[in-house]
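1. Give me the fold of what follows.
(2 chains, ligands or ions: 2)
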Protein chains: 2
Amino acid sequence: MPEYDRIQCPAFKSKIMSADAAAALIPEGCNVGMSGFTGSGAPKEVPMALARRIEAQLAQGHHFKIGMWTGASTGPEIDGALAKVNGINMRLPYQSDPTSRERINQGDINYIDMHLSHVAQYVWFGFFGKLNVALIEVAGILPDGRLIPSTSVGNNKTWLDQADLVILEVNERQPLGLAGMHDVYYGTQLPPHRVPIPLVHPHDRIGEPYLRCDPAKVIAVVPTHKADRNSPFKPADADSEQIAGHLIDFFKSEVRHGRLPKSLLPLQSGVGNIANAVLAGLNNGPFENLTAFTEVMQDGMLAMLRSGKMVGASATGFSLSPEGEQDFVDNIDFYRDKIVLRPQEMSNHPELIRRLGVIAMNAMIEADIYGNVNSTHVMGSSIMNGIGGSGDFARNAYLSIFMAKSSARGGDISCIVPAVSHVDHTEHDVQILVTERGLADLRGLAPKQRARLIIDNCSAPEYRPMLQEYFERALHHSRGKHTPMLLDEALSWHARFERTGSMKVREAVAA
Amino acid sequence: MPEYDRIQCPAFKSKIMSADAAAALIPEGCNVGMSGFTGSGAPKEVPMALARRIEAQLAQGHHFKIGMWTGASTGPEIDGALAKVNGINMRLPYQSDPTSRERINQGDINYIDMHLSHVAQYVWFGFFGKLNVALIEVAGILPDGRLIPSTSVGNNKTWLDQADLVILEVNERQPLGLAGMHDVYYGTQLPPHRVPIPLVHPHDRIGEPYLRCDPAKVIAVVPTHKADRNSPFKPADADSEQIAGHLIDFFKSEVRHGRLPKSLLPLQSGVGNIANAVLAGLNNGPFENLTAFTEVMQDGMLAMLRSGKMVGASATGFSLSPEGEQDFVDNIDFYRDKIVLRPQEMSNHPELIRRLGVIAMNAMIEADIYGNVNSTHVMGSSIMNGIGGSGDFARNAYLSIFMAKSSARGGDISCIVPAVSHVDHTEHDVQILVTERGLADLRGLAPKQRARLIIDNCSAPEYRPMLQEYFERALHHSRGKHTPMLLDEALSWHARFERTGSMKVREAVAA
Ligand SMILES: CC(C)(COP(=O)(O)OP(=O)(O)OC[C@H]1O[C@@H](n2cnc3c(N)ncnc32)[C@H](O)[C@@H]1OP(=O)(O)O)[C@@H](O)C(=O)NCCC(=O)NCCS
Ligand SMILES: CC(C)(COP(=O)(O)OP(=O)(O)OC[C@H]1O[C@@H](n2cnc3c(N)ncnc32)[C@H](O)[C@@H]1OP(=O)(O)O)[C@@H](O)C(=O)NCCC(=O)NCCS
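-> Ligands and ions are numbered 1, 2, ... in the order given. From the prediction side, this is the model:
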């Protein structure tokens, strides 16, 4: 039984059991800190076993819920399975599963949507109460009880340190070649005892390659053998390629003007279609010796490491397609010293992001004409995913860039609006907006100057005259001319969409 | 002529001239970086001379404007005088002068309202174009040409380094005992060359007591002898004392629960009535060995240093009453080693605020039921002052606290609203809200839980039923139940105020 080879410490071997047996040990109503960051390194078996247990109790009329804390999003077999049986009472800090999203938007789950860099410290500060159980996937257990982390680190260090009880999933599908890729920094302290974090390059190693774990807290060890949930890679569409094109042109211009070195600065990139296109554009672009200081490694970053365009990358997890994963596993010895996986309290740390001068590139739901950005809410009230690390990066970045297509839902939604329906990144934190229509460089501009530029450069042609007209009327009628605003109309586009299914003014046409 | 004693370097002595002569050297249309932080250490003569020059040209039909960059707010003789003659084209990063505010809200000044910690680095990055002239008040010039800083440091280091031309005001009214109180850190670099900032206690000294200045750039040295503009100290009103009381009770409870040490953590405090009351409360409270890591030293902090409650404080400037200033001057030898004045890029640095675990206490204009905070805009469109350092502190603090009276303008404005009319601090950055009615501890709460607590604990009694009713209807009618919102009504309270002069529903009564 190969999986037993991965559990080399006797104290842990004696705790081997099935996922169902382990799930039975999770106390009702407790808080569970799980591994997992965009699916990578999430536990594969115990959450589903727990969902079965909850479902069985539900069938007997008994409601059994947990507080679920993770690194970031997980996958259908975790967030999805537990949300389906309504087994989550409180969820933090990020999710992106359709079932979980639905539960939150129905009001069934209390979701705390927070900066990823804040999570570990708030738990240490005692702001969320007691963490009862840590449920962590690892790649193996060393003879001395230290853990080889899996494909993400996330908050695992904190969960292992803070929880009363620990359940480990040892996943033999994760390559053992991961050993040595991680860098777990144990120098964190509570204020007033904190000291500078000694990291000065994105791929510096400042910690240890393994996670520490008190064997006395371990109540179950569950061998598993399932791959990470990976989403298929979607080739970039035309809009995304245009967004990437605008951004690459902008970087070229910044290098020409001496505002960026030729190797740019460490890149942070969200995931998804636009991010893929940007990374592909960079891989074919004129920049050399690139680095990344980001949350997750996507296919595009592996490609850049392979091509030699990128010389090193730091992240807290992976988000790969199945082909990307295969490439990673096949070439893990090539990748091992080029990729550093850190706890997310380090990958997203304001101190490090600001010191390194990261170029932050994130997708958004919508922006308004003044440059406020909504990353989280659809029509003000429904959560999409969460703010994730976008705030950690945007606020502290050298350059803070937000990207979206200029319209959504077949053109019925304008992604540039008079006022965003929810603010996650304020006008003070947004420097560059890009849509397929163009790029607005907001640096050094006051609100009205920003408005004209955003409308002209970024909005969809079908909405541009409406935006211009709103802005001119606001300029005329608004009491304050600093950030002209028509209070009665600012959110009317969203209200119209809710009423008619479109932000377009069909009503006026009909009238 | 005593002022000449303060100018000990021959190279500078030869540049001594009148304020008018110096103002005549400022090129038209240029960007001027001025000293000054809430009035302390601002230049006293040249700005008014410049305003006279601009006015004279205006009388001849010629519009002469400058870009005006400072540390933070200045005073009537600077912002006020230059705004009055419409001599400011672009202003950053903060202002609070009535005339300047009026100009901005009339649309005459392009105002860039930004995080104070971002200013210096954005200038170094080249994001605002060229800085032409630095206009800096100092307390004296050493024989080797180094400058004894005045009562604030602000962005002076950056202005002196970045400007092509330098004009110095040497103010003999500033006590020479200031020498040695400042700590100017010259270890900053541009990415990718940045290193950790070696500060681990609020009052650590990591730099030099003097400012460096290239004598070749100095075009004028103007002796002055005017006191800083100081506002009289207003004794706390009853509401402010109640806010302070709630906060002190909260701190006591945090200490009891082991979430704060008995000496608390370094305090950051805004200025004004509420801040004064909080500091007075702390000075009479049970906490010992307090420290401050803040922007400005107010009377209340001096009192705490005197009483021994506070053992050390870091700031970038002062904001004292005339009596406070007298006390400071009289006891400067006592204060000198207890107060460190730093550049604002250090006083407000995310790295340091987060490392030290600062307790951030700032006033706000309004908060909404979900905990979003507006610090800058009245009714969405008119600027009040600016975000200042509140975002630097709130985002990176150990505890992020916002305070206001529950209503304003004689009760016609509720400071707790369905949706704020402008967002400066998002729900992700606000932990504690306090009004005279009570305190809402938002840590670990999801949006709907926050809403109930904020309405119950913080809102004014006359608005509470309206808020409850809005929230219940939103809960019912809003499509998403994560952050229930009625898009047609969210900003209707503000619109009603604009229409009727009150957020109260007089209209319904009349109907
Ligand atoms: C903002 C975010 C949701 C965009 O996601 P994406 O996958 O890049 O963007 P897409 O264009 O595919 O849009 C996703 C969905 O939002 C919808 N959408 C886009 N713009 C919209 C708008 N203005 N209003 C309403 N819905 C909108 C799309 O129609 C799509 O819906 P569907 O899934 O039902 O088809 C995503 O980037 C996110 O969650 N960001 C926050 C966290 C973050 O920034 N993390 C980065 C790492 S630090
Ligand atoms: C928010 C801020 C304006 C509050 O100022 P303050 O002096 O403490 O508060 P006050 O209660 O005296 O209110 C100031 C004015 O705002 C008005 N006001 C208060 N609440 C209001 C509201 N909800 N809507 C409109 N006006 C409001 C008051 O009536 C008063 O107006 P007036 O001067 O015409 O009488 C001020 O703290 C600020 O500018 N903050 C941003 C910068 C910052 O936080 N710096 C801290 C250091 S980092």
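2. Just say helix, strand or coil for the nearest residue to A:Glu254 once chain neighbours are set aside.
-> The shortest distance from A:Glu254 to any non-neighbouring residue, by CB to CB, 6 or more residues apart in numbering or on different chains, is to A:Leu260 (4.1 Å). Every residue, glycine included, has its C-beta placed from N, CA and C. Remark: A:Leu260 carries the secondary structure label coil [criterion: DSSP: H, G, I helix; E, B strand; the rest coil].
3. Mind pulling up the pLDDT for A:Leu260?
-> With respect to pLDDT, A:Leu260 has a value of 98.
4. Report how many residues lie close to it.
-> The number of residues packed near A:Leu260 is 23, by other CB atoms under 10 Å in any protein chain shown.
5. How much space separates it from ligand 1?
-> Distance, A:Leu260 to ligand 1, by CB to the nearest ligand atom, to the nearest Å: 21 Å.
6. Can you give me the domain boundaries for chain A?
-> Annotated domains of chain A cover A:10-224, A:238-463 [automatic domain parsing].
7. Could you work out the end-to-end span of the first one for me?
-> Translated: domain A:10-224. Domain A:10-224 has an end-to-end distance of 18 Å (criterion: CA to CA, to the nearest Å).
8. Looking at the domains of chain A, spot the one closest to B:Ser35.
-> domain A:238-463 (21.2 Å; CB to CB).
9. do the closest one and ligand 2 meet?
-> No. Counting by CB under 6 Å from any ligand atom, ligand 2 has no neighbours in domain A:238-463; the shortest distance is 11.5 Å.
10. With chain B as the reference, measure out to whichever residue of the stretch 51-200 of chain A sits closest to ligand 2.
-> Minimum separation of the stretch 51-200 of chain A from ligand 2 (CB to the nearest ligand atom) falls at A:Pro191, amounting to 18.8 Å. Remark: distance between A:Pro191 and chain B (CB to the nearest CB, to the nearest Å) = 2 Å.
11. before we move on, what about A:Asn289?
-> 11 Å.
12. which residues does that residue contact?
-> By CB atoms under 8 Å, 6 or more residues apart in numbering or on different chains, the contact list for A:Asn289 reads A:262-263, A:311.
13. 10 Å instead, please
-> A:261-264, A:308-312 (CB atoms under 10 Å, 6 or more residues apart in numbering or on different chains).
14. These in strands, which ones?
-> Under the assignment DSSP state E, these contribute A:310-312 to strands.
15. Just the pLDDT at A:Val271, thanks.
-> 86.
16. now the contacts of A:Asn289 as TSV including distance to B:Glu462?
-> TSV is the format used below for those (distance: CB to CB, whole Å):
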residue	distance to B:Glu462
A:Pro261	58
A:Lys262	62
A:Ser263	60
A:Leu264	55
A:Gly308	67
A:Lys309	63
A:Met310	60
A:Val311	63
A:Gly312	60
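17. Drop anything exposed from the residues you listed.
-> Among those, those buried by neighbour count (16 or more other CB atoms under 10 Å in any protein chain shown) are A:263-264, A:309-312.
18. Between which two of the residues you listed is the distance greatest?
-> Using CB to CB, the buried ones among the contacts of A:Asn289 reach their maximum pairwise distance at A:Leu264 and A:Gly312, which is 13.3 Å.
19. what sits in contact with each of these two?
-> Here A:Leu264 and A:Gly312 share the contacting residues A:289-291, scored by CB under 10 Å, 6+ apart.
20. Now pLDDT, distance to B:Ile148 and secondary structure too, for those residues, in CSV please.
-> Listed next are the shared contacts of A:Leu264 and A:Gly312 as CSV, based on pLDDT from 0 to 100; distance: CB to CB, whole Å; DSSP: H, G, I helix; E, B strand; the rest coil:
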residue, pLDDT, distance to B:Ile148, secondary structure
A:Asn289, 98, 44, coil
A:Leu290, 98, 45, strand
A:Thr291, 98, 42, strand
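21. helix/strand/coil for A:Ile206?
-> coil.
22. check contacts around it.
-> A:183-187, A:197-200, A:340, A:342, A:346, A:352.
23. re the thing from before, closest to chain B out of the buried ones among the contacts of A:Asn289?
-> When the buried ones among the contacts of A:Asn289 are ranked by distance to chain B (CB to the nearest CB), A:Ser263 comes first, at 8.2 Å.
24. Could you pull up phi and psi at A:Asp249?
-> phi -60, psi -40 (degrees, to the nearest 10).
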